[in-house]
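*Asks:* Below: sequence and its predicted model.
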Amino acid sequence: MYKDNELIIRTLKEQDLNQLWEFIFKEDNPEWKQWDARYYPHASKSYDNFLKDSNQWVDQVDRWAIEYKGKLIGTVSYYWEHEPSLWLETGIVIYDASNRGQHIGRRALSLWISHLFNTLPLVRVGLTTWSGNEPMIKVAENLGMQMEARIRKVRLYNDYYYDSIRMGILREEWDKLNKFELE
């Protein structure tokens with residue numbers, strides 16, 4: 001786990017599953033989905049169906065909990081764009097809107113990127129978002145990420161085309177800016 005005062009990122013546990021389901025799958029159109037890849041469909045599912053996939057959530061290396069003041073509020077994650085070349089992309093979702101605008105996401109993503117560089121032989125960590133998610137772009141810029149690509153008009157949502165934004169930071173750049181110790 002990593003900790004920054006009252007903010008913790010840690011592996012997800014079985015006791016987190018009910019809260020995760022409520023955040024992610026209880027509703028067809030949860031509020032957080034306005035920011036997280038709106039162009040991909042999202043659907044609710046029953047708690048029992050969610051539990052069938054619990055092994056995709058509990059104690060995974062690629063998806064952790066964001067806990068703030070003792071409450072689960074979001075997740076950080078990564079996926080391999082191309083694992084043989086160690087091309088990794090990261091992501092973050094703050095599900096509870098009352099926790100946005102307080103720099104919690106920036107702090108959690110900073111801890112997560114430090115974790116990724118500390119535990120994987122990465123040269124770069126990337127983050128892909130869409131041009132409609134300006135808060136995420138600002139978070140990435142504040143962490144020292146650079147815009148590496150703007151693929152114009154490839155994300156169609158509500159009859160409007162948005163750009164795909166690719167941002168990234170190299171290990172040597174990160175090391176100059178940040179140091180967190182694993183607890």
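*Replies:* The structure has been received and is ready for your questions.
*Asks:* all contacts plus neighbour counts: C-alpha atoms, from now on.
*Replies:* Fine.
*Asks:* Give me the phi and psi angles of the residue nearest to Ser164 when sequence neighbours are not counted.
*Replies:* Nearest non-adjacent residue to Ser164, counting by C-alpha to C-alpha, 6 or more residues apart in numbering: Trp130, 4.5 Å away. Phi and psi for Trp130, reported as degrees, to the nearest 10, are phi -130, psi 160.
*Asks:* before we move on, what about the one 10 residues further on?
*Replies:* Ala140 adopts backbone torsions of phi -60, psi -40, taken as degrees, to the nearest 10.
*Asks:* where does it sit relative to Met147, distance-wise?
*Replies:* Distance of Ala140 to Met147, computed by C-alpha to C-alpha, to the nearest Å: 9 Å.
*Asks:* Which parts of this structure are helices?
*Replies:* Remark: helices assigned in the chain by DSSP state H are 17-24, 47-52, 104-119, 134-142, 171-177.
*Asks:* Including mean pLDDT and distance to Tyr162, could those go into JSON lines?
*Replies:* Formatted as JSON lines, the helices of the chain follow (pLDDT from 0 to 100; distance: least, C-alpha to C-alpha, whole Å):
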{"stretch": "helix 17-24", "mean pLDDT": "92", "distance to Tyr162": "24"}
{"stretch": "helix 47-52", "mean pLDDT": "92", "distance to Tyr162": "31"}
{"stretch": "helix 104-119", "mean pLDDT": "96", "distance to Tyr162": "23"}
{"stretch": "helix 134-142", "mean pLDDT": "94", "distance to Tyr162": "12"}
{"stretch": "helix 171-177", "mean pLDDT": "94", "distance to Tyr162": "29"}
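*Asks:* Of all these, which one comes closest to Asp163?
*Replies:* Asp163 lies closest to helix 134-142 among those, at 11.4 Å (C-alpha to C-alpha).
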